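*Asks:* Show me how the following folds:
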Amino acid sequence: MNDFTYLQATQAKEATSAVRDNKGAAFIAGGTTLLDLMKLNVENHDQLVDINMLAFKGIEPTADGLRIGALERMSDVGEHPLVVQNYPAVSQSLLLAASPQLRNMASIGGNILQRTRCGYFRDTAFPCNKRVPGSGCPAQDGENKGLAILGTSKACIATFPGDLPVALAALDAVLLLENAKGKQRRVPLVDFHLLPGNTPEKETVLEPGELIVSITIPAATHARKSTYLKVRERTSYAYALASAAVGLDVQGGQIRSARVALGGVGTKPWRSPEAEKILTGAPATEATFRAAAAAAVHDAQPREQNRFKVELAQNTLVRALMELAKA
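*Replies:* Just a heads-up that it's a prediction; the model follows:
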């Protein structure tokens, strides 16, 4: 890890200006991902700007949903009664992630911004287009068991590792961002993360110095009746090989509305409008669910070691939908 200076910001403008004006600076909240990457020399910053004193907190109902401050901790959000009752997929995605110690430290905003666990990205002995643009992607023909099958490109097949953003994508969450000029803008979670394309080093729409202020999730029947299913190699402290965040509004055996997002298989949280189109207006049956699952992975481009994810993602989605329909 390189040497760095430390600034504890007390105002948003102080923090955003510091990072905007210094390309070597970075925000730090819980630090559960950033410090790991700095120790590995994957990220090198000459200044860390602590944002924990900013007023980006709170878990509170709004006129049409729920607002969550970006500096709230994962454990607090996952266990909050309003989240558990009205957005169970969000609660489950948080409590199935990481470990209790990490959930107590990690912020919601930082969790949304976490970076891939691809071994080539995290090991500076290897080339990596995400870390060093233009250097190559050895994962294409190398160790790619845990990597993405959806949203990939010739430049990058790294999987987005998070759980919470998958649930937020499914439930139409919107992020509130603020830049160094104090200007705010709203960005749907589904548009926040970028596909790798030819520029995998650009992971989000954030501008230099811009911060996530809060997350808003709209209220809906399919949000209240939602779930998050995570399939992994062990039941604790492991990233998803495949996951599904789903929400259903079923009346009289017919699906009135549906929300579907996949995790562990995409280069970003993977919302599936194709699956939702098949589900909406259809009977809540296994046959419908299997048709939706097939549509969700129709564009998959697996590599040699992760072909199993095509079937695994479908089975994960069908199981999540079946469990939800029976609830």
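*Asks:* gap between residue 181 and residue 15?
*Replies:* The gap separating residue 181 from residue 15 is 13 Å, by C-beta to C-beta, to the nearest Å. C-beta here means a position set from N, CA and C on the backbone, and glycine is covered the same way.
*Asks:* Give me the more crowded residue out of those two.
*Replies:* Set residue 181 next to residue 15 and count neighbours by other C-beta atoms under 10 Å: residue 15 wins out with 24 against 12.
*Asks:* Show me what the helix or strand encompassing the more buried one is packed up against.
*Replies:* Using DSSP states H and E, residue 15 falls within helix 12-20. Helix 12-20 sits against strand 5-8, strand 25-28, strand 47-50, strand 211-218, with contacts defined as 3 or more C-beta pairs under 8 Å, 6 or more residues apart in numbering; DSSP states H and E.
*Asks:* for the second one, packing partners?
*Replies:* Counting contacts by 3+ C-beta pairs under 8 Å, 6+ apart, strand 25-28 packs against helix 12-20, helix 34-39, strand 47-50.
*Asks:* again, only this time at 7 Å
*Replies:* Using 3 or more C-beta pairs under 7 Å, 6 or more residues apart in numbering; DSSP states H and E, the elements in contact with strand 25-28 are helix 12-20, strand 47-50.
*Asks:* nearest to residue 205, of these?
*Replies:* helix 12-20 (15.4 Å; C-beta to C-beta).
*Asks:* The closest one: which residues count as buried?
*Replies:* Within helix 12-20, the residues scored as buried using 16 or more other C-beta atoms under 10 Å are 12, 14-20.
*Asks:* With distance to residue 159 and pLDDT as extra columns, can I get these in JSON lines?
*Replies:* Conversion of those to JSON lines gives the following (distance: C-beta to C-beta, whole Å; pLDDT from 0 to 100):
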{"residue": "12", "distance to residue 159": "32", "pLDDT": "98"}
{"residue": "14", "distance to residue 159": "35", "pLDDT": "98"}
{"residue": "15", "distance to residue 159": "30", "pLDDT": "98"}
{"residue": "16", "distance to residue 159": "30", "pLDDT": "98"}
{"residue": "17", "distance to residue 159": "34", "pLDDT": "98"}
{"residue": "18", "distance to residue 159": "32", "pLDDT": "98"}
{"residue": "19", "distance to residue 159": "27", "pLDDT": "98"}
{"residue": "20", "distance to residue 159": "30", "pLDDT": "98"}
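*Asks:* Can you get me the start-to-end distance on stretch 181-196?
*Replies:* 28 Å (C-alpha to C-alpha, to the nearest Å).
*Asks:* So which residues lie in contact with it, not counting its own?
*Replies:* 13, 151, 153, 155-156, 160, 165, 168-169, 173-178, 202-205, 213, 267-269, 271 (C-beta atoms under 7 Å, 6 or more residues apart in numbering).
*Asks:* Alright, calling it a day.
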